[in-house]
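> prediction below, plus the sequence it came from.
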Amino acid sequence: MKWLITLLLVLFAGLQYKLWFGEGSLVEVWQLRQELEIQRAQNDELRTRNESLEAEVIDLKTGLDAIEERARRELGMIAEDEIFFQVVDRHRLGGQR
């Protein structure tokens, strides 16, 4: 009877070891859940970015307004019948009057 109790205790200890430290343990499951949450957050950010880029591509493909806006903003271009005025802030240039 003593050997049976000893055998059961050894089996129980072995199962507990696997539960806490072995492959598929509670610690590993907890770490995987944390990694999953991080990955989901990154996926949400990238999904939002992709939707924004997709909308921009559609705008560029369908109309000239988006292309004109980009040319004005990024290249400083103006239309033929427009007059360009540049306002200079004297305080930024260092001279004060």
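Structure received. All values reported here derive from a predicted model rather than from experimental measurement.
> quick one, longest helix in the chain?
Identified as the longest helix of the chain according to DSSP state H is helix 26-62.
> for that helix, packing partners?
Secondary-structure packing of helix 26-62 (3 or more Cβ pairs under 8 Å, 6 or more residues apart in numbering; DSSP states H and E): helix 2-21, helix 64-75. From N, CA and C alone the C-beta is placed, and that goes for glycine too.
> could you give me the average pLDDT of the shortest one?
Confidence over helix 64-75, taken as the mean pLDDT, stands at 82.
> for that helix, buried residues please.
Applying a neighbour-count criterion of 16 or more other Cβ atoms under 10 Å, the buried positions in helix 64-75 are Ala66.
> from Gly76, how far off is Leu60?
In this view, Leu60 and Gly76 are 19 Å apart by Cβ to Cβ, to the nearest Å.
> with neighbour numbers in mind, choose between those two.
Taking other Cβ atoms under 10 Å, Leu60 and Gly76 do not tie; Leu60 has more neighbours (13 against 9).
> mind checking how far the more buried one is from Ala66?
5 Å.
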